[in-house]
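**Q** heads up, no residue letters with this:
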């Protein structure tokens, strides 16, 4: 069974539909890129998968041992975080909060695991530093370490390279690939189709033409639509 | 100098209400400072102000109705308003700042109207002034008031310590917390209730117009200098207690109104911390 299955989803705000009839599934170890123009509903889709929004129609099923709350999340930066006085360690360990339930404090094991995750993201030497003083790339790695505390199975990344310079961007992509090779399923929202084609195994394109399939199928599809464009642009709105 | 010291010792030894005021002031300052960081960071600074006006309105209603214990009306009304403002703030039709402004100004006006229409004493403007600026009420506390305030403050501190990690997670990144299974809505509700309780308590010390200062200033000062959530919280608690005790001592010596003196000391401390922050972080910006 797939880890994540979306069946016939209709998403939107206040009665206005953005996406309708969307179906796709993600298996363990997949690397899915969600691409599409601004306003095509990528972020809404992500929030729905995370359970922050409820879909207007259709349903989201998690399986293969994955619970809805076991999806790690790398959000886009919020305004609040820009002047938040918090050390790297405090932020990373807060990834365990969902597992705490009513327990008020983190256990020793959780603190150790947080340190492990900081090491994995090579931010362990920054653990006492203030988050708001770090560079964009460092901040993203801190948030990734936090997401790893919340999950060992699936990560949702919302534009993880937005605002990063090219060198840091490629470091970020290889870090994500490394996590994927270690067995973590990746679902990533991206603007960057080129990178999506380079790193991912599957592509979901929403807005206008809806496409879901493997990277190879997507490339073939691109080729066909390029050619049809070349022949007079038929069938493509 | 020795003279001033003698005067202080005299007051503390012989005037019980001064002792009460001191104890109550310190406990309230401590509990008020704790949630300041969260409110500032969530852009909720003004909610303290709005709620304190609600408490003022409720106080007026309580006086008119003639309840023996004002708390019975003021506390529930303020808690309910806090829950409405903070917990449903996100999706409400009238958003954040507008609804706070509406409720706070509305409550202020209705409160003043009621106090004038149904005066309970001959000195209406005196009553209004002391409710707004807390000028006298802190010096008219009874032992029962002291016990009530101290035990509620301790409850607030314990609740804060127990929910500390959850409040951090929800303040830093509510969506992440929610997505990974933290009951963010519940903790927002708890924050709202604690804030309301603190405001009702603090009304006795600084009056309803100046409560926000007690909540916001220590946190803002601490944020200038310290860099982790824990150090900011601890610093703002210590600073708040220090400013409150200094303020009360000054007001005893100099005969100034207690509430505004405490706030003035808080403001002075803010500038000191601001300068320290500038000197320390000069290279940063």
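**A** Right, received. Where do you want to start? In this text, all values refer to a predicted model and were calculated from it rather than measured experimentally.
**Q** what about the helices in chain A?
**A** Along chain A, counting by DSSP state H, helices occupy A:42-49, A:79-82, A:88-93, A:97-100, A:108-120, A:136-150, A:166-181, A:193-199, A:215-230.
**Q** need the ones you listed in CSV with mean neighbour count, mean pLDDT and distance to residue B:41, can you?
**A** For every residue, glycine as well, the C-beta is placed using N, CA and C. Formatted as CSV, the helices of chain A follow (neighbours: other Cβ atoms under 10 Å in any protein chain shown; pLDDT from 0 to 100; distance: least, Cβ to Cβ, whole Å):
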stretch, mean neighbour count, mean pLDDT, distance to residue B:41
helix A:42-49, 22, 85, 22
helix A:79-82, 12, 72, 6
helix A:88-93, 26, 92, 13
helix A:97-100, 21, 83, 17
helix A:108-120, 16, 90, 22
helix A:136-150, 24, 90, 16
helix A:166-181, 16, 90, 27
helix A:193-199, 16, 84, 33
helix A:215-230, 13, 61, 41
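**Q** which SSE is immediately downstream of whichever helix in chain B runs longest?
**A** When chain B is parsed with DSSP H, its longest helix is helix B:143-172. Using DSSP states H and E, the next helix or strand after helix B:143-172 towards the C-terminus is helix B:174-179.
**Q** ok, and does the helix or strand following that next one reach over to chain A?
**A** For helix B:174-179, the succeeding helix or strand toward the C-terminus, using DSSP H and E, is helix B:184-206. No: counting by Cβ under 8 Å from any Cβ of the partner chain, chain A is not contacted by helix B:184-206; separation bottoms out at 9.7 Å.
**Q** how far out from the middle of the chain is helix B:184-206?
**A** 9 Å (Cα atoms, centre = their mean, to the nearest Å).
**Q** for residue B:277, find the nearest of the helices of chain A.
**A** Closest approach to residue B:277 among the helices of chain A (Cβ to Cβ): helix A:79-82, 16.4 Å.
**Q** what helices or strands is the closest one leaning on?
**A** Helix A:79-82 sits against helix B:143-172, with contacts defined as 3 or more Cβ pairs under 8 Å, 6 or more residues apart in numbering or on different chains; DSSP states H and E.
**Q** near chain B, which residues of chain A are found?
**A** So far as Cβ under 8 Å from any Cβ goes, chain A lies against chain B at A:47, A:50-52, A:68-73, A:75, A:78, A:80-81, A:83-87, A:90-91, A:94-95, A:97-100, A:104-106, A:128-130, A:133, A:146-147, A:150-151.
**Q** residue A:148 contacts residue A:118, correct?
**A** No: look at residue A:148 against residue A:118 with Cβ atoms under 8 Å: they stay out of range, at 9.3 Å.
**Q** residues from the stretch 101-250 of chain B in reach of chain A?
**A** B:161-166, B:168-169, B:171-173, B:175-182, B:222-223, B:226-232.
**Q** buried stuff in the worst-scoring helix or strand of chain B on mean pLDDT?
**A** Ranked by mean pLDDT, DSSP states H and E, the weakest helix or strand in chain B is helix B:124-133, scoring a mean of 74. By neighbour count with 16 or more other Cβ atoms under 10 Å in any protein chain shown, helix B:124-133 contains the buried residues B:127, B:128, B:129, B:130, B:131, B:132, B:133.
**Q** helices or strands up against that helix?
**A** For helix B:124-133, the packing partners by 3+ Cβ pairs under 8 Å, 6+ apart come out as helix B:45-65, helix B:96-117.
**Q** columns mean neighbour count, distance to residue B:79 and mean pLDDT on top of the ones you listed, output as CSV?
**A** Output for the helices and strands packed on helix B:124-133, formatted as CSV (neighbours: other Cβ atoms under 10 Å in any protein chain shown; distance: least, Cβ to Cβ, whole Å; pLDDT from 0 to 100):
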stretch, mean neighbour count, distance to residue B:79, mean pLDDT
helix B:45-65, 24, 9, 82
helix B:96-117, 17, 14, 81
